[in-house]
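Colleague: Build the 3D model from these lines:
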Amino acid sequence: MQLRQTTTCAEPAIRTIECRSRKAGRALEYRLLLCDRHRWLARSWPGRREKHAPAGRCGTLFDHRDFARVVESHGDQWLMSLTTHHPRDHHGDVAAALRAAHCFLGQAREYARPLGQRAEITDGILAALDHAARIAEALTDGTVEQADGRAQLLAALSTGEAIAVAARGA
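Modeller: Got it, this is the predicted structure:
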């Protein structure tokens, strides 16, 4: 299970959004906790069931999906909108997608500086993307153990996502 934070909202969650597998036994895929103000964030999430159930902090996501689906979710939920890069656009090569996203965001940061925009908000995201890309490369060439590397990669992506959420004020 991976723990992700999709908002910076400190309000208690009063909605629980769940998605269960279509397979026999209907295993839990994810559970997202949201307050009423952020309920709209889950509109595009597939296969969801919503219930009124107070249960923790807004934006907390308990993700039980397999590694590939969690990486795809990171691509869908924040990486694509932030950088225009997604692993599926790189033929499933996660390392290449993260390197391209890092490069794109780094260039965008340099363009923002002369315009007087706050380029420093991307520094943390850039660091998380670089770290995630290096881990993905180590996974590809076998220099890191599979389970440890996957856990580190998901942690780096979660950190980048949390920083992106804070930067956009969600």
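Colleague: ok now do the residue nearest to residue 6 when sequence neighbours are not counted, which residues does it touch?
Modeller: Counting by C-beta to C-beta, 6 or more residues apart in numbering, residue 6 lies nearest to residue 59, which is 4.5 Å off, once chain neighbours are set aside. Yep, even glycine has a C-beta here, placed from its N, CA and C like the rest. Residues near residue 59 by C-beta atoms under 8 Å, 6 or more residues apart in numbering: 5-9, 13, 32-34, 38, 41, 165, 170.
Colleague: Which parts of the protein are strands?
Modeller: Listed in chain order, the strands of the chain (DSSP state E) span 2-5, 15-20, 28-34, 48-52, 60-63.
Colleague: Tell me which of those sits nearest to residue 128.
Modeller: Closest to residue 128 of the strands of the chain, according to C-beta to C-beta: strand 2-5, at 12.8 Å.
Colleague: So what are the sheet partners of that closest one and their directions?
Modeller: strand 60-63 (antiparallel) (DSSP bridges).
Colleague: Go ahead and build a ChimeraX selection from the buried members of the contacts of residue 59.
Modeller: Only the buried entries of the contacts of residue 59 go into this ChimeraX selection, using 16 or more other C-beta atoms under 10 Å:
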select :5,6,7,9,13,32,33,34,38,41,165
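Colleague: And the contacts of residue 59, which is closest to residue 104?
Modeller: residue 165 (18.9 Å).
Colleague: list the contacts for the closest one?
Modeller: 5, 6, 7, 8, 59, 78.
Colleague: could I get the contacts of residue 59 as TSV with pLDDT and distance to residue 122?
Modeller: Formatted as TSV, the contacts of residue 59 follow (pLDDT from 0 to 100; distance: C-beta to C-beta, whole Å):
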residue	pLDDT	distance to residue 122
5	88	18
6	86	19
7	87	19
8	87	17
9	90	22
13	92	28
32	91	26
33	92	27
34	91	26
38	89	23
41	81	22
165	81	13
170	67	16
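Colleague: Out of the contacts of residue 59, the closest to residue 158 would be?
Modeller: Among the contacts of residue 59, and counting by C-beta to C-beta, the member closest to residue 158 is residue 5, at 7.5 Å.
Colleague: Any idea how many residues pack against residue 130?
Modeller: 17 (other C-beta atoms under 10 Å).
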